[in-house]
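[1] Provided below for reference: sequence and predicted model.
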Amino acid sequence: MDTMTQGLLGAVAAASLAKKGETARAVVAGGVAGALADSDVFWAGLDPGVTGLLLHRHFTHALAFIPLGALAALILSKIFVRRLAFKRLFLFCLAAYATHAILDCCTSYGTPYFMPFTDRRIAWDFVSIIDPLVSGPLFLLMAGAFFLDRRRLAAAGLVWCVLYIGVLGVSAHHLAMTEARARASARGDRVERIRVLPSLGNLLLWRSICETGGEIQIDAVRLTFSGPNRFYPGPRVKGFDPARDLPNIPKDSPLARDLLRFDHFADGWLARDPQDPDFVADMRYAAIPNSSEALWGVRLGPPGATPVVEHRRDIRKRLFSEFWDMLWGG
């Protein structure tokens, strides 16, 4: 999730282990440790290509890196936290750092949690990368724990995350998946793969992407929890396979290698933009859940050139009102 939420979760995780008089320092150390894994954005931002995408949520988010990450967080935390035993400070940093990657696994972006043993990207699709109903309560409970020296308030923050993501998020995902599969069956589609992803900031409006016959069917589901769900049918686009669709590009060229890496990053959900064939889009994300206008992709160039990642920020502004109408069930 976003770095602020990661820091908040790390803060309450650390503070929930604090003794009387330690809570404020645990919050500070936990906040640093909880957010530290996202420091990879600094070197990821140095590369405008596919490498930059892959460097974010890379080794700093791996299970095997947690002890080293906690040690780095401890060293950094010593700037702000004084008069606390090494063992206690390391415990706080370890607990906080450990929350980061597992929270990211609950989103749809993909996290190589078991690196270096496998490069598989874990994405459970239970919560959006930004959700105020995660961040807001965490902030309030973290602040209460900090100022009142009450670790129970911090523990309540952990309980809230488990309930919201582990119960509400999992349940909403199941309902959205059931609806998406039912619609695919009613259309007569042969489902090869299907995912449902929460739209930005909520658990009500979901994007459905279904692979069938080499194409990707895009729809949206608005959950109601009482009565029939709202369904918004979308377009069907041809899936993109680098080896199949660009057979004349040498396999050892930078373009071919980066397209295969981008395909891995996007979990195979790639498609060419019908209006812009040189743009290969990551179909997991769009401003409107049932739209084929992806938020980002890579711009194709000559075989010797490195593809450049392109973000389509104008789409978000242009379609915000339509997203809002769908979120409210319009």
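    That came in fine, so what should we check first?
[2] now stretch 133-142: average pLDDT?
    Per-residue pLDDT values across stretch 133-142 average out to 97.
[3] and the contacts of it?
    By Cβ atoms under 8 Å, 6 or more residues apart in numbering, the list of residues contacting stretch 133-142 from outside reads 1-2, 4-5, 8-9, 11-12, 15, 27, 31, 127, 153-154, 156-157, 160-161, 164-165, 202-203. Backbone N, C-alpha and C define where each C-beta goes, glycine included.
[4] and stretch 246-255, what's buried?
    By neighbour count with 16 or more other Cβ atoms under 10 Å, stretch 246-255 contains the buried residues 246, 249, 253-255.
[5] export the residues you listed to JSON lines and tack on distance to residue 135?
    Conversion of these to JSON lines gives the following (distance: Cβ to Cβ, whole Å):
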{"residue": "246", "distance to residue 135": "41"}
{"residue": "249", "distance to residue 135": "43"}
{"residue": "253", "distance to residue 135": "43"}
{"residue": "254", "distance to residue 135": "39"}
{"residue": "255", "distance to residue 135": "39"}
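[6] now the two most distant members of these.
    The most widely separated members of the buried residues of stretch 246-255, counting by Cβ to Cβ, are 246 and 254 (12.9 Å).
[7] below-threshold pLDDT in the stretch 201-330 of the chain: ranges please.
    In the prediction, the stretch 201-330 of the chain carries residues with pLDDT under 70 at positions 303, 314-319, 330.
[8] let me see the ranges of the strands in it.
    For the stretch 201-330 of the chain, applying DSSP state E, counting those that start in this stretch gives strands covering 205-212, 215-222, 230-238, 270-273, 276-282, 296-299, 308-311.
[9] list the buried residues for the fifth one?
    Of the residues in strand 276-282, those buried under the neighbour-count criterion (16+ other Cβ under 10 Å) are 279-282.
[10] quick one on the thing from earlier: adding distance to residue 22, write the strands of the stretch 201-330 of the chain out as CSV.
    Supplementary listing: those in CSV, determined by distance: least, Cβ to Cβ, whole Å:
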stretch, distance to residue 22
strand 205-212, 41
strand 215-222, 45
strand 230-238, 49
strand 270-273, 49
strand 276-282, 44
strand 296-299, 43
strand 308-311, 42
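[11] thinking again about what came up before, tell me which of the buried residues of strand 276-282 is nearest to residue 42?
    residue 282 (22.4 Å).
[12] which parts of this protein belong to which domain?
    Under automatic domain parsing, the residue ranges defining each domain of the chain are 3-168, 189-327.
[13] just give me the closest of the buried residues of strand 276-282 to residue 96.
    Closest to residue 96 out of these is residue 282 (30.4 Å), distances taken as Cβ to Cβ.
[14] which residues pair with the closest one across the strands?
    Note on residue 282: beta-bridge partners residue 270, judged by DSSP bridges.
[15] hang on, it packs against residue 297?
    Yes - at 5.6 Å, residue 282 and residue 297 qualify as touching, with contact defined as Cβ atoms under 8 Å.
[16] give me the common contacts of these two.
    Common neighbours of residue 282 and residue 297 are listed as residue 270 (criterion: Cβ under 8 Å, 6+ apart).
[17] next, the most far-flung residue of the chain relative to its centre: secondary structure please.
    Among the C-alpha atoms of the chain, the one farthest from their average position, using Cα atoms, centre = their mean, is that of residue 83, at 36.5 Å. Under the three-state scheme (DSSP: H, G, I helix; E, B strand; the rest coil), the conformation of residue 83 reads as coil.
[18] what's the answer for the one 10 residues further on, then?
    Reduced to three states with three-state DSSP, the structure at residue 93 is helix.
[19] separation between it and residue 282?
    The span separating residue 93 from residue 282 equals 34 Å under the rule Cβ to Cβ, to the nearest Å.
[20] cool, and residue 28?
    Between residue 28 and residue 282 the distance is 37 Å, computed by Cβ to Cβ.
[21] likewise for residue 62?
    With distances taken as Cβ to Cβ, residue 62 is found 22 Å from residue 282.
[22] can you get me a residue count around the residue nearest to residue 308 when sequence neighbours are not counted?
    Leaving aside its chain neighbours, residue 308 sits nearest to residue 299 (5.0 Å; criterion: Cβ to Cβ, 6 or more residues apart in numbering). A count of nearby residues for residue 299, using other Cβ atoms under 10 Å, gives 14.
[23] who does residue 299 bridge with?
    Counting by DSSP bridges, the residues bridging with residue 299 are residue 279, residue 308.
[24] check contacts around it.
    Under the criterion of Cβ under 8 Å, 6+ apart, the contact list for residue 299 reads 278-279, 307-310.
[25] closest to residue 23 among these?
    Nearest to residue 23 among the contacts of residue 299, with distances taken as Cβ to Cβ, is residue 309, at 41.8 Å.
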